[in-house]
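Enquirer: fold the following and give me the result.
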Amino acid sequence: QVQLVESGGGLVQAGGSLRLSCAASGRTFSSYAMGWFRQAPGKEREFVAAIRWSGDSTYSADPVKGRFTVSRDNAKNTMYLQMNSLKPEDTAVYYCAASMKPYYGLDSPRRYDYWGQGTQVTVSS
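Expert: Reported below is the predicted structural model:
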């Protein structure tokens, strides 16, 4: 079992930055690929970014490429999402997730085994 807790959300003006954290406890964090998703009101959960267990490979969704960066520190059992140049359309609840499955297809929520409770990010115009 893995417990995931997100933090770092909040209210920010358009063009600003936030850094989200996802702290993991339980089974070995470094065994898991990790991902970030977001869900805006009335919309489906949307893939944001994923990172391999080793941290040496990442990929992200087109809407956030060049603005968001996913990273992890296995010594601290923590994953991060650095969000720059934020836009009002980035407003959503952001979730982190952990996957024991092979490192592909991680843009699908079905590939993940554990989820955090989410943290709200609100970007004002």
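
Enquirer: for Arg38, pull up the helix or strand it's in.
Expert: Using DSSP states H and E, Arg38 sits within strand 33-39.

Enquirer: for the residue positioned nearest the centre of the chain, what are its contacts?
Expert: The residue lying closest to the centre of the chain (C-alpha atoms, centre = their mean) is Trp36, at 2.2 Å. Trp36 makes contact with 20, 22, 47-50, 70, 79, 81, 94-97 under the criterion C-beta atoms under 8 Å, 6 or more residues apart in numbering. C-beta: built from backbone N, CA, C; applies to glycine.

Enquirer: parallel or antiparallel, list what pairs with the strand holding Arg38.
Expert: In the sheet, strand 33-39 lines up against strand 46-51 (antiparallel), strand 92-99 (antiparallel) (DSSP bridges).

Enquirer: now the first one, how far from the centre of its chain.
Expert: Spelled out, it's strand 46-51. Its chain's average C-alpha position is 6 Å from that of strand 46-51, according to C-alpha atoms, centre = their mean, to the nearest Å.

Enquirer: pull that strand out as PDB, backbone CA atoms only.
Expert: The C-alpha coordinates for strand 46-51 follow below in PDB (Å, rounded to 0.1, in the frame of the first residue of the first chain):
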ATOM      1  CA  GLU A  46      -6.700  15.000 -17.600                       C
ATOM      2  CA  PHE A  47      -3.100  13.800 -17.800                       C
ATOM      3  CA  VAL A  48      -0.500  16.400 -17.000                       C
ATOM      4  CA  ALA A  49       2.900  14.600 -16.700                       C
ATOM      5  CA  ALA A  50       4.600  11.400 -15.800                       C
ATOM      6  CA  ILE A  51       8.100  10.400 -14.700                       C
END
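
Enquirer: buried residues, the helix or strand following that strand. List them.
Expert: Scanning forward in sequence from strand 46-51 by DSSP H and E, the next helix or strand is strand 58-60. By neighbour count on 16 or more other C-beta atoms under 10 Å, the buried set for strand 58-60 is Tyr59, Ser60.

Enquirer: fine by me, thanks again.
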